[in-house]
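# For reference, the sequence and a predicted model appear below.
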Amino acid sequence: MALIVEDGSIVAGAESYISVADATAYFAARGNTVWSGLASDTVREQLLRTATDYMLGRYGLRWKGARVSETQVLDWPRECAYANGFLIASDSVPVAVQRACAEYAVRASEGDLSPDLTPQVKQETVGPISVTYADGARQDTAYKALDAMLSAYLQGMGGIPVIRA
């Protein structure tokens with residue numbers, strides 16, 4: 001099944017913020033060989049779907065602005081969303097959102113983006129090496145570079161949107 005990409009026009013059945021071709025060009029320009037080393041475009045499409053699903057869950061309630069239509073499948077396009085002091089066109093998907101989708105797809109190729117959490121391990125011993133973890137230590141993966149890439153499009157602390165008139 002061909003990947004259905006959201007282009008800002010509220011595409012029916014949209015599954016991804018970026019196409020395989022655009023993701024391939026993005027990674028080629030950066031010398032990333034993980035993407036080009038994947039088995040096929042079918043696998044790349046699956047990973048982009050997974051990445052988009054992850055972004056919906058991770059950022060869905062944090063994006064600035066509001067969905068343009070209650071019937072749209074994905075979070076973008078949005079209206080009344082500002083980034084870096086400028087209004088984002090309500091018929092577009094920001095380049096940073098597209099690129100983050102591609103980046104999450106590569107990370108998805110290396111493992112589950114959001115695995116189920118199991119009880120936290122306090123101490124591990126393997127042979128002569130022993131490691132003790134702090135109470136409350138992070139158990140999941142933080143994608144700080146991608147959060148930073150998207151920070152201009154996300155609401156700040158407290159979830160209160162700031163809109164310039």
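Here it is on my side, so go on.
# Work out which residue lies at the spatial centre of the chain.
Met55 (3.9 Å; Cα atoms, centre = their mean).
# Next, the contact list for that one, please.
17, 75, 97, 100-101, 104 (Cβ atoms under 8 Å, 6 or more residues apart in numbering). All C-beta spots, glycine's among them, are computed from the backbone N, C-alpha and C.
# And the furthest pair within the residues you listed?
For the contacts of Met55, the maximum inter-member distance is 13.7 Å, found between Asp75 and Tyr104 (Cβ to Cβ).
# hmm, back to that, and which of the contacts of Met55 is nearest to Leu47?
Looking across the contacts of Met55 and measuring by Cβ to Cβ, the closest to Leu47 is Tyr104, at 8.4 Å.
# got a list of what the closest one touches?
Per Cβ under 8 Å, 6+ apart, neighbours of Tyr104: 50-51, 54-55, 113, 143, 146.
# How about Ala66?
78-81.
# do that again at 7 Å, thanks
78-80 (Cβ atoms under 7 Å, 6 or more residues apart in numbering).
# what does Ser114 give?
Going by Cβ under 7 Å, 6+ apart, Ser114 touches Tyr54.
# Does it belong to a helix, a strand or coil?
Put simply, Ser114 is coil when judged by DSSP: H, G, I helix; E, B strand; the rest coil.
# That one and Ala51: what is the separation?
11 Å (Cβ to Cβ, to the nearest Å).
# farthest residue from the center of the chain?
Pro128 (39.3 Å).
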